[in-house]
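Enquirer: My questions are about this predicted structure, shown below with the sequence.
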Amino acid sequence: MTKKRPRKSPEPCPKCGSLDIVPIFYGLPGGPEVMEAANQGKIALGGCCVTDHDPQKQCKVCGTQFDLRPPRVTERARREK
């Protein structure tokens, strides 16, 4: 028998408190599956310009994008500290 890992509850929207949150997909949609997921509201499309500090989640109720990735510290920046 396989054990199921407990699913982490979603982080609520910082603006409205909703738990109806979807991940944001960045990059060029690679096929019809991505567009279908977006049309079904399972993901949000974030565009094809990707940076190191793009939001990773979107609230389906109010549209707020949040959960920014922390900026990466490069090896050069570490040495300069």
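Expert: That came in fine, so what should we check first?
Enquirer: which regions of this structure sit below the pLDDT cut-off?
Expert: Residue ranges of the chain with pLDDT under 70: 1-9, 69-81.
Enquirer: do that again at 80, thanks
Expert: Low-confidence segments of the chain (pLDDT under 80): 1-10, 68-81.
Enquirer: can you map out the strands along it?
Expert: Secondary structure of the chain (DSSP state E): strands located at 21-26, 44-47, 55-59, 65-68.
Enquirer: Just want the most central residue of the protein.
Expert: Among the residues of the chain, the one closest to the centroid is Gln56, at 2.3 Å (CA atoms, centre = their mean).
Enquirer: Would you confirm that it contacts Ile24?
Expert: Yes. Gln56 is within contact range of Ile24, at 5.9 Å (criterion: CB atoms under 8 Å). C-beta: built from backbone N, CA, C; applies to glycine.
Enquirer: what distance separates the start and the end of stretch 14-34?
Expert: End-to-end distance for stretch 14-34, by CA to CA, to the nearest Å: 26 Å.
Enquirer: how far does it sit from the chain's center?
Expert: Remark: stretch 14-34 is offset 6 Å from the chain centroid, using CA atoms, centre = their mean, to the nearest Å.
Enquirer: what's the answer for stretch 51-63, then?
Expert: Worked out by CA atoms, centre = their mean, stretch 51-63 lies 6 Å from the chain centre.
Enquirer: okay, how far is it across it, tip to tip?
Expert: Note: stretch 51-63 ends 20 Å apart using CA to CA.
Enquirer: now stretch 22-37
Expert: OK, stretch 22-37 end separation, CA to CA: 11 Å.
Enquirer: what's the answer for stretch 29-42, then?
Expert: First-to-last residue span, stretch 29-42, CA to CA: 14 Å.
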